[in-house]
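J.: requesting a structural model of the entry that follows:
(2 chains)
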Amino acid sequence: MNKTLLIIKREYLSRVKKKTFILSTILTPLFFVALISGVTYISVQDVDQEKIAVVDQTGFFKGNLENTKALTFEFPNGVDTANYDDKGYSAILFTPKDSARNYQLFSKKQFGLIAASQIEDQINKAVENNLLKDKYNISSKAIDSIRKQAGEAKVENFYGERAEVKKGNSGLAYGVGYGAGFLIYITLFIYGTMVMRGVMEEKVSRIAEVMVSSVKPFQLMLGKIIGIGAVGITQFLIWIILIIGLFSAASAFLSPETMQQASEASQQMNGQNAMAAKAAAGFNLSETLSGVNWFLIIGCFLFYFLFGYLFYAALFAAVGSAVNEDPQDAQSLMLPITMPIIIAIMIMIKAVTSPASPMATWASMIPFFSPIVMMARIPFGVPGTVSYVELITSMLLLVGGFLLTTWISAKIYRTGILMYGKKASWKEMWKWAFRKA
Amino acid sequence: MSTILELQHLKKYYATQKAVDDISFSINTGSIFGLLGPNGAGKTTLLRMITGIFYPDSGQILFDGKKFDPLNDVQQIGYMPEERGLYKKMKIGEQAVYLAQLKGLEKNEAIEKIKFWFTKLEMQSWWNKKVEDLSKGMQQKLQFVTTVLHEPKLIILDEPFSGLDPLNANLIKDEIYRLAKNGSTVIFSTHRMEQVEEICDHIVLVNLGKKILDGTVDDIKQTHKQNLFSIRFEQEILPEHLATYLFDVKKSKGKELIIQKHAEFNNNEILQYFLGKGLMIHSFNEILPSLNEIFIRLVENTNATARAFQPVA
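T.: Numbers count the residues shown, from 1 in each chain, chains lettered A, B, ... in the order given. Okay, the predicted model is just below:
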């Protein structure tokens, strides 16, 4: 059998057969499903009920402050800062006649951000209603009806060439782009460090020289990278199957009302996290999911995962070969590799809100960032937000980048794995990379 | 006699030093060859070139009469480096099979051979144990088996006995003899001279990247002997017995005498001299220098030790 294949097989099997692999592969999706269901459940069920006593000096708040799920406004007599707690109120609100003065809220504990902003919203709305009524004589009923109509308008974004217009859903695109970019970010780290540890293990256990007397260092490095990449893909496939299975099982148990409540709950957080709320609201599942080109997204995801991994794995292997026994050394040498990944995730967070901005476009061409940033842009539409030219250029550059990092790393690696004694500096590694064999 | 390996003017320079500086020698098929030298002499670099891990800067290597082709010829070489090790988490049987497959053996063939060796070295019960569960000596034995398993023509052992108890060292030593008898060539690299004297037919001593000795153990001792003799008499030696131009006295104690013969005289003349003095000779032996002494004499006063601490970059 081909030697590289033998190495791939060993690297793959020795990891997949481990108990920790089997456990983490099965438990991770369970954990995620539990986490998401848990958060959903809590956001539906566990809202703090705050009963607020309003000491109204203006007179127009009574009947104008709306009660919400979390807040109840009451206008009792004889309540003051000394006794509101005893009378069963969690806070007391003073509304001064003089509008130049601030409204004051006294409570035992500090209010949460969301509750506080909801109080503000209610006050502002009441003030607005009052002004409209006073100055223009518009009844609150009329105002409500105007608001309702104004709130109903929704923008549907149709994009693409005239012949094949597609209906866009920026909320969904945001969610998918963010998720895909983040997933690639995490996997680059997990599998990249796995490669680095594997190389370090070979060095520390002193088997490297035994191995390179049978195979070329390049075969050893490539075998390890491909073997671990295959572990990653195996893990992904198992996760995808498990997650789809678990979610369909979960949605069978959860009633549609609970789902509805969940999306309402997230809409209430409006203002704090408008984007997330929009994304959540976008999940009118069956309708929107069919509007997305899933084949393209999944295909691109696999491509960017694979080549992003290959691009970085070679660099991680080079670092692994340069360090000695001390794992601390690895930390400092890793920094130049982890920095671009972290920068990429920061660009990605911007890119999902403005996918066509110059920064996002440029970053999605540079192989150091493209696996993460391009994945965040693709769900917004190809062609459209991302043109075919951009996509193909980005892919070609990534493949080229992978060949380049592998070539450089191989040269560092072949010197590094046989060096014992001290950790190499980046300067030395640079010398190894560009000198003759 | 055919040669399995021939090195011609090999050179390998690093940025800071000449690791191997124009070394040539050849090794006969079926011999046990000793490659000696102090730490940092260039032994490991030399061996790495022979095993195809490094390419020489200049010069060439002939393997079995043809130009050395690292890609294919490594199948014919078994190399146990000084910095050796095994995958700690792997089971011993699997590990041996894996390493054998990398040397080009088919799986079934590999299993068969491993079973043979394991039985021979009393390791049968190890198959499903992990390497990390073995003692250092046991790991060493396993390492030796994986080195010779594919029946290489050339076996290179760098410090093969370090970490072995005398019992296991003898076991391995016997195997080395047997392998050489069956036609394999063994290169044996070490700085333990007593082992070399015992085992090797032919040695090369390198220092500072250059070859400084090349020959059979016997020849080398003969060339480096200092004409020292140890003589034991039946009676006490008196100073008047020793006034002669034939030799210098190195040591005289009771009935024992150590002399350095002047080169122009032969042994009979010495004996005749003592017989003429009416002394009864109990024994008369030439003292040949040990390889260790030759080694130290040749290497001393070079900057070998200073060099051993230089980085090998």
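J.: what packs against the helix or strand in which A:Lys148 is found?
T.: Secondary structure assignment for A:Lys148, by DSSP states H and E: helix A:140-152. In terms of contacts (3 or more CB pairs under 8 Å, 6 or more residues apart in numbering or on different chains; DSSP states H and E), helix A:140-152 is packed against helix A:113-136. Every residue, glycine included, has its C-beta placed from N, CA and C.
J.: so the helix it packs on versus helix A:140-152, what angle?
T.: 120 degrees (axes from the mean of the first three to the mean of the last three CA atoms, to 10 degrees).
J.: average pLDDT for helix A:113-136?
T.: Helix A:113-136 shows an average pLDDT of 80 in the prediction.
J.: in it, what's buried?
T.: A:114-115, A:118-119, A:122-123, A:126-127, A:129-130, A:132-133 (16 or more other CB atoms under 10 Å in any protein chain shown).
J.: gap between that helix and the chain center?
T.: Its chain's average C-alpha position is 34 Å from that of helix A:113-136, according to CA atoms, centre = their mean, to the nearest Å.
J.: and that helix, what does it pack onto?
T.: Checking 3+ CB pairs under 8 Å, 6+ apart, helix A:113-136 ends up next to strand A:71-74, helix A:140-152.
J.: how about it as PDB, C-alpha atoms only?
T.: The C-alpha trace of helix A:113-136 is given here as PDB (Å, rounded to 0.1, in the frame of the first residue of the first chain):
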ATOM      1  CA  LEU A 113     -31.100  46.400  30.900                       C
ATOM      2  CA  ILE A 114     -34.100  45.100  29.100                       C
ATOM      3  CA  ALA A 115     -36.600  45.900  31.800                       C
ATOM      4  CA  ALA A 116     -35.100  49.400  32.200                       C
ATOM      5  CA  SER A 117     -35.400  50.100  28.500                       C
ATOM      6  CA  GLN A 118     -38.900  48.800  28.400                       C
ATOM      7  CA  ILE A 119     -39.900  51.300  31.100                       C
ATOM      8  CA  GLU A 120     -38.200  54.100  29.100                       C
ATOM      9  CA  ASP A 121     -40.100  52.900  26.000                       C
ATOM     10  CA  GLN A 122     -43.400  53.000  27.800                       C
ATOM     11  CA  ILE A 123     -42.700  56.500  29.200                       C
ATOM     12  CA  ASN A 124     -41.600  57.900  25.900                       C
ATOM     13  CA  LYS A 125     -44.700  56.400  24.200                       C
ATOM     14  CA  ALA A 126     -47.000  57.900  26.800                       C
ATOM     15  CA  VAL A 127     -45.300  61.300  26.500                       C
ATOM     16  CA  GLU A 128     -45.600  61.200  22.700                       C
ATOM     17  CA  ASN A 129     -49.200  60.200  22.900                       C
ATOM     18  CA  ASN A 130     -49.900  63.000  25.300                       C
ATOM     19  CA  LEU A 131     -48.200  65.600  23.200                       C
ATOM     20  CA  LEU A 132     -50.100  64.500  20.000                       C
ATOM     21  CA  LYS A 133     -53.300  64.600  21.900                       C
ATOM     22  CA  ASP A 134     -52.600  68.000  23.500                       C
ATOM     23  CA  LYS A 135     -51.200  69.800  20.500                       C
ATOM     24  CA  TYR A 136     -52.900  68.200  17.600                       C
END
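J.: ok, now which ones touch B:Val145?
T.: Going by CB atoms under 8 Å, 6 or more residues apart in numbering or on different chains, B:Val145 touches B:96, B:114, B:117-118, B:121, B:123.
J.: please repeat the previous calculation with a cut-off of 6 Å.
T.: By CB atoms under 6 Å, 6 or more residues apart in numbering or on different chains, B:Val145 lies in contact with B:Trp117.
J.: which residue ranges of the stretch 201-313 of chain B form strands?
T.: For the stretch 201-313 of chain B, the strands defined by DSSP state E, counting those that start in this stretch occupy B:202-207, B:210-216, B:228-233, B:247-253, B:256-261, B:281-287.
J.: out of these, flag the one nearest B:Gln60.
T.: strand B:210-216 (16.1 Å; CB to CB).
J.: and the closest one, what's buried?
T.: B:210-214.
J.: now do the same contact list for whichever residue of the stretch 151-300 of chain B sits closest to chain A.
T.: Distances between the stretch 151-300 of chain B and chain A by CB to the nearest CB are smallest at B:Ile156, namely 8.4 Å. Shown in contact with B:Ile156 (CB under 6 Å, 6+ apart): B:47, B:79, B:187.
J.: can you do 8 Å?
T.: B:47, B:50-51, B:77-80, B:186-187, B:189 are the contacts of B:Ile156 under CB under 8 Å, 6+ apart.
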